[in-house]
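I'll drop the sequence and a predicted model, then ask my questions.
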Amino acid sequence: MMRNPDISAIALDLGTTSIKATLMDTDGNLCHVIRQDAPAISHHNGYYESDGLAYLATAEQVLKQCLNHTHQKPPLGLCSQRSSFLIWEKSSGDPVIPLISWQDTRGRECCNRLYASTELIQRLAGLRLTPYYFAPKLNILLRENPSWRDKLIQKQWLVGTLDTFLIWRWTRGQHYWVDASMAARTLLMDIHQQQWSRSLCELFEIPLEILPDIRSSTGLNVMLESFGLTLMASVADQSAAYLASVDANLADASTRALVNLGTGGFVIRTFPQESSVSNGYLHTLVYQPVGKLPCFAIEGTLNSIAAVLAPYSIEDCVIEEMADNDIFCLAEPSGLGAPYFRQDYGLYFSQSISLLTQQQIVVLLLEAICFRIARIIEDFHSQLPLAVIYLSGGLSALPCLQYGIGQCVPLPIYCLQQKEASLQGTALLATNDKVHCFQEASRISIIQKSDKLNKKFLAWKEWLDGLLLEETKK
């Protein structure tokens with residue numbers, strides 16, 4: 001077996017659809033990327049659940065397979081899907097409920113009940129009140145199962161996001177905590193104080209004492225005896241992807257935005273903590289470096305874009321096919337993400353598509369993704385000028401999306417060549433700033449701007465504003 005003697009870190013990505021691990025060499029290059037499908041998620045009536053023990057077993061397999069490629073025990077970085085969680089029995093370590101995905105919407109009734117507190121929640125948590133987060137779902141579980149509350153308060157059972165569960169298992173119950181970037185996506189953390197908010201816990205009827213401790217994202221120095229590895233960093237997956245685009249060096253990051261196009265999509269840029277976040281955008285605690293001030297950002301999101309494109313052949317689409325008709329589209333099947341957070345509009349067309357070909361439909365979907373991203377960038381740029389936009393994630397390789405975004409955004413657009421952004425950002429954090437790497441990126445060349453696409457983008461914005469305003473008045 002070939003072994004690499006120059007490994008600086010190992011990273012594990014706990015994704016929604018796949019679990020991946022990689023080694024990073026001393027030059028910051030990723031090698032031996034190991035991937036396995038995550039356990040299947042069953043979904044019905046808004047419930048999205050999978051087998052927590054099967055997820056744990058798959059993660060262990062992926063990590064061990066990656067370790068087979070080195071004789072060293074490099075520092076480990078962990079990144080995790082945000083807001084997925086489970087409850088487990090402390091004595092056995094076995095889950096007592098399925099792993100509940102971030103996609104799960106059972107918390108909708110809770111959100112409706114707390115609608116009057118939306119402003120307070122966003123001010124403290126930096127997030128909009130939606131069922132995707134941890135708190136609304138846990139509220140429903142505790143209301144439906146009153147006896148669970150006492151078990152959690154008495155520490156017979158424990159509750160936590162996916163990373164908390166795995167770290168607790170891998171340290172044999174010695175460490176029950178969550179890093180600040182994951183805690184910040186629960187709707188229970190005061191991101192300004194970087195601690196659990198008693199006010200938010202009371203709103204959601206969740207006892208503060210059942211929650212894990214909050215730790216920094218780096219400098220963890222926790223021994224995982226099962227693997228002989230030292231966990232040095234733990235962070236949310238989208239935070240890791242963003243940090244990869246700036247090489248974890250935020251000195252010049254304020255004029256950059258990252259567009260990540262994967263299972264979902266997001267646009268993120270650093271932003272001063274004291275600045276207000278307007279028009280529904282998320283205020284994100286990117287990560288909390290040990291002994292330093294946290295890094296904050298604002299974020300716009302697109303939900304489930306990979307799922308809506310999955311039935312179609314998208315590789316053959318070209319920019320010339322865009323804006324060939326006057327039909328507008330929204331392409332987020334699980335509801336519009338930030339800044340709108342509208343469950344009532346998922347996959348939606350302004351007119352009937354019964355006479356359209358499959359190719360024409362997929363072009364409309366790609367148009368909608370380009371337009372949503374361009375509008376988020378437009379809003380960010382108006383609040384604090386941007387100088388450059390980076391694209392990452394698997395879908396960013398599509399020329400149609402590259403050129404479509406480039407046509408609508410009057411800023412330089414670059415596509416990062418490293419597609420495993422979350423893994424790379426996580427590995428860089430694990431090295432504790434000992435490794436830096438040049439992020440190779442290719443500029444998207446727009447030879448000639450398309451007036452046709454720009455005009456449709458302007459019309460799409462007017463259509464969307466009118467659509468949302470009309471529904472709000474009802």
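Everything's here; your move. Source: prediction; values computed, not measured.

Low-confidence ranges, the chain, go.
Along the chain, segments meeting pLDDT under 70 span 1-5, 247-252, 273-278, 437-439, 447-449, 471-474.

all helices of it, in order?
Under the criterion DSSP state H, the chain carries helices at the ranges 52-67, 108-113, 118-125, 134-144, 146-153, 162-170, 180-183, 198-203, 237-245, 305-309, 358-383, 399-408, 421-430, 451-473.

among those, which is nearest residue 267?
Nearest to residue 267, of all those, is helix 358-383, at 4.4 Å by CB to CB. For the C-beta atoms, the positions are set from N, CA and C on the backbone; glycine is no exception.

Buried residues, that closest one. List them.
361-381, 383 (16 or more other CB atoms under 10 Å).

Nearest to residue 6 among the helices of the chain would be which one?
helix 421-430 (13.5 Å).

which helices and strands sit right next to the closest one?
strand 7-14, strand 18-25, strand 30-37, strand 76-80, strand 229-236, helix 237-245 (3 or more CB pairs under 8 Å, 6 or more residues apart in numbering; DSSP states H and E).

I'd like these as CSV, with mean neighbour count appended.
Output for these, formatted as CSV (neighbours: other CB atoms under 10 Å):
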stretch, mean neighbour count
strand 7-14, 27
strand 18-25, 23
strand 30-37, 16
strand 76-80, 30
strand 229-236, 25
helix 237-245, 29
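
As TSV, these with distance to residue 442 would be great.
Output for the helices and strands packed on helix 421-430, formatted as TSV (distance: least, CB to CB, whole Å):
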stretch	distance to residue 442
strand 7-14	24
strand 18-25	22
strand 30-37	18
strand 76-80	25
strand 229-236	27
helix 237-245	14
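
Out of those, which is closest to residue 459?
Short answer: helix 237-245, nearest of the helices and strands packed on helix 421-430 by CB to CB, at 30.7 Å.

how much does that closest one deviate in direction from helix 162-170?
100 degrees (axes from the mean of the first three to the mean of the last three CA atoms, to 10 degrees).

relative to helix 421-430, how tilted is helix 237-245?
Using the same axes, to 10 degrees: helix 237-245 against helix 421-430 is 70 degrees.

Report the angle between helix 237-245 and strand 229-236.
100 degrees.

Now do helix 237-245: distance to the chain's middle.
9 Å (CA atoms, centre = their mean, to the nearest Å).

Stretch 360-374 too?
Mean-position distance between stretch 360-374 and its chain equals 20 Å (CA atoms, centre = their mean).

Ok, stretch 59-78 next?
Relative to its chain's centre, stretch 59-78 lies at 23 Å (CA atoms, centre = their mean).

Determine how far the last residue of that stretch lies from the first.
Taking CA to CA, to the nearest Å, the first and last residues of stretch 59-78 lie 11 Å apart.

in it, what's buried?
So for stretch 59-78, counting by 16+ other CB under 10 Å, buried means 59-60, 62-63, 66-67, 69-70, 74-78.

Distance to residue 293 added to those residues, as a markdown table?
Below are the buried residues of stretch 59-78 laid out as a markdown table (distance: CB to CB, whole Å):
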| residue | distance to residue 293 |
| --- | --- |
| 59 | 31 |
| 60 | 35 |
| 62 | 34 |
| 63 | 32 |
| 66 | 33 |
| 67 | 34 |
| 69 | 37 |
| 70 | 34 |
| 74 | 28 |
| 75 | 23 |
| 76 | 25 |
| 77 | 21 |
| 78 | 22 |
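
which one of these is nearest residue 100?
Nearest member of the buried residues of stretch 59-78 to residue 100, counting by CB to CB, is residue 59, at 17.0 Å.

what sits against the closest one?
With contact set as CB atoms under 8 Å, 6 or more residues apart in numbering, residue 59 has these partners: 12, 14, 19, 166.

rerun that using 10 Å as the cut-off
Listed by CB atoms under 10 Å, 6 or more residues apart in numbering, the contact set of residue 59 reads 12-14, 19-21, 36, 38, 78, 80, 162, 166, 169-170.

again, but for residue 238
Residue 238 touches 79, 81-82, 181, 185, 258, 260, 262, 264, 266, 268, 284, 286, 297, 299, 301, 421-422, 425, counting by CB under 10 Å, 6+ apart.

cool, and residue 256?
With contact set as CB under 10 Å, 6+ apart, residue 256 has these partners: 242, 245-246, 250, 268-270, 386-390, 414.

what about 6 Å?
Applying CB atoms under 6 Å, 6 or more residues apart in numbering, one finds that residue 256 lies in contact with residue 388.

repeat for residue 403
The neighbours of residue 403, taking CB under 6 Å, 6+ apart as the test, are residue 319.

Okay then, goodbye and thanks.
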